[in-house]
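Student: can you look at this prediction? I've put the sequence above it.
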Amino acid sequence: MKVLGVIPARLESTRLPRKLLRDLCGKPLIQHVYENVKEAKSLDDVVVACDDQKLVDLVKGFGGNAVLTSTEHQSGTQRIQEVAGKIRADIYVNIQGDEPLMPGENVDLLIRAFRDRKEFLVGTLALHKTEADEYQNKNVVKVVCDNAGKALYFSRSPIPCFRDGGDVSYWKHLGIYCYRAEFWKQYTAMKPSILEQAEKLEQLKFLENGISIQVVETTFDSIGVDTAEDLDAVRRTLEAAARK
């Protein structure tokens, strides 16, 4: 069974321009992502799917594997689908290009849990949290699941809602996915969905089209870089780790 790690990388971004090129402790953000992913033992190969030749050159410059993909894609999943048309694999792992703290252990954990659960075409990770600030933060995606670990809903809003107040307990969704090769045929037929457009979360389109998503628990957190504040938080984390 061949497992391919794909890092979708878009040069321009709305909230933090050219964030993948931003310096983090002497390396561009995208290099941290690539090097962490390469630590995963379950991947047969890793490729960065770029929308701009500048990114391709940058990745190849630090010794990474990169391919140029269309500028017309509206999501990382579409970019990975193009890669799937060029590079055959049984499982494709989508590691977000703006997750410089995503550890290789998370990749291995997801693949181990997903590999033999053939009833799922898509898998992802979540982390149990109790911090109220992240619970309220719309940049932090939350997920609720059934007792078997199947996703019921993803939201930027605080879910579940604790109507009577008190301490919060929730699942933070992490930006990593597994897709089986047979998923792409169904994905091609999907139209933009109401929930996807409302929340700006593409995985809701999968749920609306009847695709079950396996949610696997992890204890390894990550920070998706959407803002300058996120970038500073990642930098502090990396600097603290370097001092140990």
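Tutor: Alright, I've got the coordinates.

Student: so who does the residue lying closest to T130 once chain neighbours are set aside touch?
Tutor: Closest residue to T130 apart from its sequence neighbours, by C-beta to C-beta, 6 or more residues apart in numbering: S169 at 5.6 Å. Every C-beta, even on glycine, is put in place using the N, C-alpha and C of the backbone. By C-beta atoms under 8 Å, 6 or more residues apart in numbering, S169 lies in contact with H128, K129, T130.

Student: for N65, same thing?
Tutor: D45, V46, V47, V48, V59.

Student: now list the buried members of those.
Tutor: By neighbour count, with 16 or more other C-beta atoms under 10 Å, the contacts of N65 hold V46, V47, V48, V59 as buried.

Student: let's see which of these end up in strands.
Tutor: V46, V47, V48 (DSSP state E).

Student: now do E35: how many residues are near it, please.
Tutor: 16 (other C-beta atoms under 10 Å).

Student: revised request: answer the last question for D230.
Tutor: Neighbours around D230, by other C-beta under 10 Å: 18.

Student: surely it meets R236?
Tutor: No: taking contacts as C-beta atoms under 8 Å, D230 lies outside contact range of R236: 10.9 Å.

Student: one step back: let me see the confidence value for the residue nearest to T130.
Tutor: As predicted, S169 sits at a pLDDT of 97.

Student: kindly report the same for Q214.
Tutor: pLDDT, read off for Q214, is 98.

Student: and if you look at L20?
Tutor: Predicted confidence (pLDDT) for L20: 97.

Student: for N139, same thing?
Tutor: N139 is given a pLDDT of 89.

Student: my guess is it contacts I223. True?
Tutor: No: the criterion here is C-beta under 8 Å, and N139 misses it with I223 at 9.9 Å.

Student: who has more neighbours, the two?
Tutor: I223 (19 against 14).

Student: who's in contact with the more buried one?
Tutor: Residues near I223 by C-beta under 8 Å, 6+ apart: E99, P100, L101, D230, A233, V234, T237.

Student: for the residue lying closest to the fourth one once chain neighbours are set aside, give its distance to K86.
Tutor: Closest residue in space to D230, ignoring its immediate chain neighbours: I223 at 5.9 Å, by C-beta to C-beta, 6+ apart. As defined by C-beta to C-beta, to the nearest Å, I223 lies at a distance of 31 Å from K86.

Student: in CSV: the ones in strands among the buried ones among the contacts of N65, plus distance to R115 and pLDDT.
Tutor: Formatted as CSV, those follow (distance: C-beta to C-beta, whole Å; pLDDT from 0 to 100):
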residue, distance to R115, pLDDT
V46, 17, 98
V47, 20, 98
V48, 23, 98
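
Student: before we move on, the earlier item: and the residue nearest to D230, what are its phi and psi?
Tutor: Main-chain dihedrals, I223, degrees, to the nearest 10: phi -130, psi 120.

Student: do E134 as well
Tutor: Per degrees, to the nearest 10, the backbone of E134 is at phi -70, psi -30.

Student: contacting residues for the one residue sitting closest to the centre of the chain?
Tutor: Closest to where the C-alpha atoms of the chain average out (C-alpha atoms, centre = their mean) is G175, at 2.5 Å. The contact partners of G175, taken as C-beta under 8 Å, 6+ apart, are I95, Q96, D98, E99, M102, S222, G224.

Student: try it again at 6 Å.
Tutor: Q96, E99, G224 (C-beta atoms under 6 Å, 6 or more residues apart in numbering).
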